[in-house]
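give me the fold of what follows.
(one chain, ligands or ions: 1)
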Amino acid sequence: MSLVQRYGKPDIFLTITCNPAWSEIVSELGINEIVQNRPDLTCRIFRAKLIELKDLIIKKNFFGPVAAFAYVVEFQKGGLPHAHFLIILKESSKITSAESYDEYVAAEIPDAKKHPLLFELVLKHMMHGPCGEKNPKNVCMNKKGYCKSRYPKPYCEYTIQAEDSYPMYRRRNNKIQVKVRKAILDNRWVVPYNPYLLCRFDCHLNVEICSSISSVKYLYKYIYKDHDKIAFNLVDTEKAELFVDEIEQFQTGRWISPPEAMWRIYAFILNEIHPSVTTLQIHLPHKHAITFQESQDLQKILSFDFYKRTMLTEFFTLNAMDNETKKILYKQLPEYYTWDRQGKFWSKRKKQKVIGRIALANPVEGERYYLRLLLNHVKGPTSFTDLQTYQNIQYKSFQDAAIARGLLDSDNNINECLAEAAILKMSNAFRRLFATLLVFCTPGNPIALLNKYYNELTDDFRRDTNDPNKTLQVILNSIDSFLQGMGKQIIDYISMPTYVEQELSIQVSEEELKLVSLLNSDQRTIYDTIIKSINCEGMTAFFIDGPGGTGKSFLYRALLATIRNQKQIALATATSGVAASILPGGRTAHSRFKIPINMKEATTCNISKQSTTADLLRRAKLIIWDEATMARKCYIEALDKTLQDIMESEIIFGGKTIVLGGDFRQILPVIQGESEDVSINNSIVMSFLWPHLTKLHLTRNMRAINDPDFSEYLLRIGNGEENTIKQNWITIPKKMLVPYNQTEEASIKDLIFEIYSDTSYSNEYYFVDVAILTAKNEYVEKINNMIIDQFPGQQFDYYSFDSLVGSQENMLINTDFLNDLSPATLLPHKLTLKENCPVMLLRNLDPSSGLSNGSRLICKKFSKNVIDAEIVTGNFKGTRILLPRIPLQSPEESKIPFQFTRK
Ligand SMILES: Nc1ncnc2c1ncn2[C@@H]1O[C@H](COP(=O)(O)OP(=O)(O)OP(=O)(O)O)[C@@H](O)[C@H]1O
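Numbering: from 1, shown residues only. As a prediction, the model looks like this:
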């Protein structure tokens, strides 16, 4: 884990298995001697091959220069050894594109005529199974009747990269078939291999590109797991019936195969890690361990300076003298300095690479834990006292110092957050914050908090009335309206009102009302059809198909304004928060219809018939769901079922007028790690509802007026009409490209300059209209870091509080490891912000007040636990709000083998 923290995710996962038919083994066997009788031989030959492979990879850079590696040797049930390698390549030689994967990994049967040897070896060593229907009893089959390794794999014309997991390798449907173990197999059964390594080593040698840290955990498991054990009965089972009392005589035992026994007798290495990891001592002042001879005088020992020195105290000493180390953290020290155990001092490292890790400390250890936390964040401390000092204040304990630096999720966190917000004095924003904390931080005693911050909560109302009861009622109403936007109610926490009132209170502006008169003829026809439906004439469920820019949103807004102006309810929803935020009163479909988050098949929404949401849906005249093409069909089917139930009607969507809209040329449902076929299968077109929807079409591009070339180009791509190279690659016109400039960093700089020239930093609102989109999260981080660097003003760093979720707390994972993870939906551990920098919300905090996933804001002021920001998009543009720390959970489906919370 330390290596991953330091060098990033592993790049290659390789498994080599001993081949008992290797000529080096067979040639040493005596006449009639079988290989099983010579575990010494299999072990020594395997070890020799292992060393050869290691040299090839590490010294001869077979895959490119290696930054770090780890391997572990294991023994299969049958006894033969195999080894798993994890290789982390240097940044410069990372294998990043799907094309370069093909250079290292093949997963197809080679041409028998062109490459006869390789063909023979792939058949001999690299064909999986057969399993499944061809051989249901194969060892790879699980109880549910599936192959654990998921063979046969799907055909795939080109290798496809996968974020955070193994890629889909090229396995073309080229009709090549081979007979292996009595079954006819094709490319779908090939275990990924490297042709050169396979020919050189003549054994099962699986090579995979990996970008997931779950493989690290897999190796970890082998290094640290206990042996496979069974409990066996000491009593002869035949006689057991006679001696009932003795049946309980079980003993735990373990089977060691002869090759494993030989490996251990020879004392061959079972695992290795490079660079090695130096564990750094950590101790409170004067509380380090020392060793001495029994005969030595204890008083004398205590007076010797030598015994006072430790890795940590000498780190302080270095910092006091040497400016160089002032720039680094304690854990980075072993990379530059080496510890002299005899003399107890750090000296400059000459060669050999080593990385450091501070010994673990558990939160229950108290001060030692907080000291470690400080050491992990504070560079170049010169003493324990220095660590306890922050902004010229010396704190009494490491804990206090850590809290002062904002490194610690103190029990008092909610309190502190409110106390800070109270200084900023904006009552309405304060009540919103209070509601947010109720929902997301579940304080133990909300009433106590309410009492404590009563003055701040009621500041603006107290001026209007002297009746404390009335004031309390008004603030509770106010907090409740914020809570409702978050899908909660004040009675869930304290004691009460309704979604219907909230919807009815949406103001329709003059501007929105005018839209109806501006509709073009296509839009007008659709508008009339839908209005007729609302007035109980004809069809009720519609699908509006329109390429980007044909005015779908414009039409929705006209419809919403018309219905709302009649004091009726029209619900505006969209699949993504961004699209929801541009519709007046828009909410994500998930939050509005309470769709279960991880639903895979249509069930129903979490709405009971008696709930306030059911009441709202019953009274709604029109429901709009934009970007329905991006939603999984099961979500839409769930809404259909729920509405039928609420309306007690078997008509589609319970007879409600519903407008689903979208553009199939844009994004289909995103299903992590799955192929396009799966996305298509999950799309609304594959739903049983699809034939029952009345299809309406918008064709006139209203956006094209501004940039016809670009919109025509997009349309050609969407319609599959743009010329392609390879199967589905397109050429991006030169004028749209910022050319590559020698290095990645320089190129990104050029891109940033192209999009935000220097001048734009002086106008923070410029960032609202212009954005850089990336295909991968790692670039988001890189680009954000560079931009924030260039931003003027003082920098504020927020560090997240990370912890494992629930029952996994006993896992062997420490917090700084969690700190270094950045799964797709979470922000990084360290968030660097500056005044006037833009941010985007990643969570539906309070959609009814414009704070939904995707809302954009500009940071105005910072305190330790609250950010004061201004909403800059959607209907709530210009509103100042306070953002507290919110716990976000890592996604369950992520390839990280555990879940954690980042606050
Ligand atoms: N009838 C109209 N009169 C004037 N402008 C219009 C009209 N219809 C649409 N527009 C303008 O055209 C642009 C694109 O419209 P809109 O955003 O509604 O399209 P869309 O189909 O929702 O696009 P996308 O799928 O990309 O979200 C907007 O700037 C909108 O204001």
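
burial count for the residue of the stretch 551-700 of the chain found nearest the ligand?
Nearest to the ligand, among the residues of the stretch 551-700 of the chain, is Gly551, at 3.0 Å (C-beta to the nearest ligand atom). C-betas here are computed from N, CA, C, even on glycine. Applying other C-beta atoms under 10 Å, we find 22 residues neighbouring Gly551.

now the residue nearest to it when sequence neighbours are not counted, what's its secondary structure?
Counting by C-beta to C-beta, 6 or more residues apart in numbering, Met702 is the residue found nearest to Gly551 once chain neighbours are left out, at 4.4 Å. Counting by DSSP: H, G, I helix; E, B strand; the rest coil, the backbone at Met702 sits in coil.

Met702 touches Thr550, doesn't it?
Yes - judged on C-beta atoms under 8 Å, Met702 makes contact with Thr550 at a distance of 6.3 Å.

which one of these two has more residues nearby?
Counted by other C-beta under 10 Å, Met702 and Thr550 do not tie: Thr550 has more neighbours, with 25 against 17.

quick check, pLDDT for the more buried one.
Looking at Thr550, its pLDDT reads 89.

next: Val780.
For Val780, pLDDT reads 85.

do I have it right that it meets Thr774?
Yes - using C-beta under 8 Å, Val780 is in contact with Thr774, at 5.4 Å.

wait, a strand at Leu449?
No - under three-state DSSP, Leu449 sits outside any strand and is assigned helix.

quick check: closest non-adjacent residue to it.
Nearest residue to Leu449, sequence neighbours excluded (C-beta to C-beta, 6+ apart): Pro443, at 5.6 Å.

enumerate the residues of this protein near the ligand.
518-520, 523, 546, 548-554, 663, 702-703 (C-beta under 6 Å from any ligand atom).

now the residue nearest to Leu449: how far from Leu450?
Distance from Pro443 to Leu450, counting by C-beta to C-beta, to the nearest Å: 10 Å.

tell me which residues in the biggest helix by length in the chain are buried?
Identified as the longest helix of the chain according to DSSP state H is helix 468-485. Judged by neighbour count using 16 or more other C-beta atoms under 10 Å, the buried positions of helix 468-485 are 471-472, 474-476, 478-485.

what of stretch 291-304?
Buried residues in stretch 291-304 (16+ other C-beta under 10 Å): none.

what's the end-to-end length of it?
Using C-alpha to C-alpha, to the nearest Å, one end of stretch 291-304 lies 13 Å from the other.

can you tell me what sits against it?
By C-beta atoms under 8 Å, 6 or more residues apart in numbering, the residues outside stretch 291-304 that reach it are Ile290, Tyr307.

switch to 10 Å and redo it
Stretch 291-304 has contacts (C-beta atoms under 10 Å, 6 or more residues apart in numbering) with His286, Ile290, Tyr307, Lys308.

ok, the last one to Pro285 distance?
Going back to what we said before, that points to Lys308. For Lys308, the distance to Pro285 - C-beta to C-beta - is 10 Å.

what about the residue of the stretch 351-500 of the chain found nearest the ligand, distance to Pro130?
The ligand sits closest to Gly485 of the stretch 351-500 of the chain, with a gap of 24.0 Å, by C-beta to the nearest ligand atom. Here the criterion is C-beta to C-beta. By it, Gly485 lies 56 Å from Pro130.

OK, contacts around the residue nearest to Gly551?
Asn520, Asp522, Gln523, Gly546, Gly549, Thr550, Gly551, Lys552, Phe554, Ser711.

isn't the third one up against Lys552?
Yep, that's Gln523 we're talking about. Yes - the criterion here is C-beta atoms under 10 Å, and Gln523 meets it with Lys552 at 8.9 Å.

which outside residues touch the helix or strand that the longest helix of the chain is followed by?
Sequence-wise, the next helix or strand downstream of helix 468-485 (DSSP states H and E) is helix 499-504. Applying C-beta under 10 Å, 6+ apart, the external contacts of helix 499-504 come out as 480-481, 484-485, 487, 489, 498, 564, 567-572, 585, 592, 611-620, 848.

quick check: phi and psi at Phe876.
Phi and psi for Phe876, reported as degrees, to the nearest 10, are phi -100, psi 20.

not counting sequence-adjacent ones, nearest residue to it?
Gly850 (2.8 Å).

which stretches in the stretch 701-850 of the chain count as helices?
708-718, 744-755, 766-769, 777-790, 815-820 (DSSP state H, counting those that start in this stretch).

and among those, the most buried is which?
helix 815-820 (a mean of 19; mean count of other C-beta atoms under 10 Å).

which other helices and strands contact it?
Applying 3 or more C-beta pairs under 10 Å, 6 or more residues apart in numbering; DSSP states H and E, we find helix 815-820 packed against helix 2-7, strand 354-358, helix 367-375, strand 802-804, strand 900-902.

repeat that with 6 Å
Packing contacts for helix 815-820, counted by 3 or more C-beta pairs under 6 Å, 6 or more residues apart in numbering; DSSP states H and E, involve strand 802-804.

elements contacting the strand it packs on?
Helices and strands touching strand 802-804, by 3+ C-beta pairs under 6 Å, 6+ apart, are helix 815-820, strand 900-902.

now tabulate the ones you listed in CSV and tack on distance to Thr338 and mean pLDDT.
Putting those into CSV (distance: least, C-beta to C-beta, whole Å; pLDDT from 0 to 100) gives the following:
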stretch, distance to Thr338, mean pLDDT
helix 815-820, 22, 77
strand 900-902, 34, 84
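
nearest to Cys837, of the ones you listed?
Among those, the nearest to Cys837 by C-beta to C-beta is strand 900-902 (20.2 Å).

direction included, what does that closest one pair against?
As defined by DSSP bridges, the strand partners of strand 900-902 come to strand 802-804 (antiparallel), strand 888-889 (antiparallel).

what helix or strand does Ile403 sit in?
Applying DSSP H and E, one finds Ile403 within helix 398-404.

quick check: the gap between the residue of the stretch 551-700 of the chain closest to the ligand and Leu560.
14 Å.

swap in Ile12?
54 Å.

for the stretch 151-300 of the chain, give me the ranges with low pLDDT.
For the stretch 151-300 of the chain, residues meeting the criterion pLDDT under 70 lie at 161-165, 211-252.

how about 50 then?
Residue ranges of the stretch 151-300 of the chain with pLDDT under 50: 236-248.

can you show me the helices along it?
Under the criterion DSSP H, counting those that start in this stretch, the stretch 151-300 of the chain carries helices at the ranges 195-201, 214-224, 237-240, 258-265, 298-303.

thinking again about what came up before, now that we have the contacts of stretch 291-304, which one has the most neighbours?
Scoring the contacts of stretch 291-304 on neighbours with other C-beta under 10 Å, the highest-scoring entry is Tyr307 at 15 neighbours.

host element of that residue?
helix 305-308.

CA atoms of that helix as PDB?
Taking Å, rounded to 0.1, in the frame of the first residue of the first chain, the C-alpha atoms of helix 305-308 are listed here in PDB:
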ATOM      1  CA  ASP A 305      22.700  11.900  24.600                       C
ATOM      2  CA  PHE A 306      23.000   8.900  22.400                       C
ATOM      3  CA  TYR A 307      20.000   7.200  23.900                       C
ATOM      4  CA  LYS A 308      17.900  10.300  23.600                       C
END
